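**Student:** What shape does this take:
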Amino acid sequence: MISLYTVPHSPSNLQFGAGVSGKNFKKAVDRNRIKRLIKESYRLQKSELQQTLKEKSIQLNIFFIYTDRELSDFNTVKVKVNVALKKLLQLVEEI
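**Tutor:** Numbering: from 1, shown residues only. Below is the predicted model:
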């Protein structure tokens, strides 16, 4: 679900979260690793989206939910996060 709305005086125009199902990954170590991978790949790629949101005075809340049943490596997660951020950027630019 995407929520876009304008906020005139918001300290942060982009908020992010990540979640992993305990049903698919019983060990907290695995869930935490996946969340770290998602957060790091997001951190490395968020700048373009963040700049566009700032220019348009739009606030965006993003929450990634990891649905795969197997652990992925960093490069796979980075590619998938990049695809999602590019789609969000296109939606923001249409506004």
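
**Student:** Low-confidence regions, the chain specifically.
**Tutor:** Residues of the chain meeting the criterion pLDDT under 70: 1-11.

**Student:** Go through it and flag its longest helix.
**Tutor:** helix 74-94 (DSSP state H).

**Student:** now for it, which elements pack on it?
**Tutor:** Other helices and strands packing on helix 74-94, by 3 or more CB pairs under 8 Å, 6 or more residues apart in numbering; DSSP states H and E, are helix 28-45, helix 47-56, strand 58-66. C-beta: built from backbone N, CA, C; applies to glycine.

**Student:** Quick one: distance of that helix to the chain centre.
**Tutor:** The chain centroid and the centroid of helix 74-94 are separated by 8 Å under CA atoms, centre = their mean, to the nearest Å.

**Student:** re earlier: may I see the helices and strands packed on helix 74-94 organised as JSON lines, with distance to Lys86 added?
**Tutor:** Conversion of those to JSON lines gives the following (distance: least, CB to CB, whole Å):
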{"stretch": "helix 28-45", "distance to Lys86": "9"}
{"stretch": "helix 47-56", "distance to Lys86": "9"}
{"stretch": "strand 58-66", "distance to Lys86": "13"}
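
**Student:** quick one on the thing from earlier: specify the angle between the longest helix of the chain and helix 28-45 in degrees.
**Tutor:** Counting by axes from the mean of the first three to the mean of the last three CA atoms, to 10 degrees, helix 74-94 lies at 50 degrees to helix 28-45.

**Student:** now could you export just the CA positions of helix 74-94 as CSV?
**Tutor:** Extracted in CSV, the C-alpha atoms of helix 74-94 (Å, rounded to 0.1, in the frame of the first residue of the first chain):
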residue,chain,number,x,y,z
PHE,A,74,22.9,-8.9,-0.4
ASN,A,75,23.0,-8.4,-4.1
THR,A,76,19.6,-10.0,-4.7
VAL,A,77,18.0,-7.9,-2.0
LYS,A,78,19.7,-4.8,-3.3
VAL,A,79,18.3,-5.4,-6.8
LYS,A,80,14.7,-6.0,-5.5
VAL,A,81,14.8,-2.9,-3.3
ASN,A,82,16.1,-0.9,-6.3
VAL,A,83,13.1,-2.0,-8.4
ALA,A,84,10.7,-1.0,-5.7
LEU,A,85,12.3,2.4,-5.2
LYS,A,86,12.3,3.1,-9.0
LYS,A,87,8.6,2.3,-9.1
LEU,A,88,7.9,4.6,-6.2
LEU,A,89,10.0,7.3,-7.8
GLN,A,90,7.9,7.0,-11.0
LEU,A,91,4.7,7.3,-9.0
VAL,A,92,6.0,10.4,-7.1
GLU,A,93,7.1,12.1,-10.3
GLU,A,94,3.6,11.7,-11.8
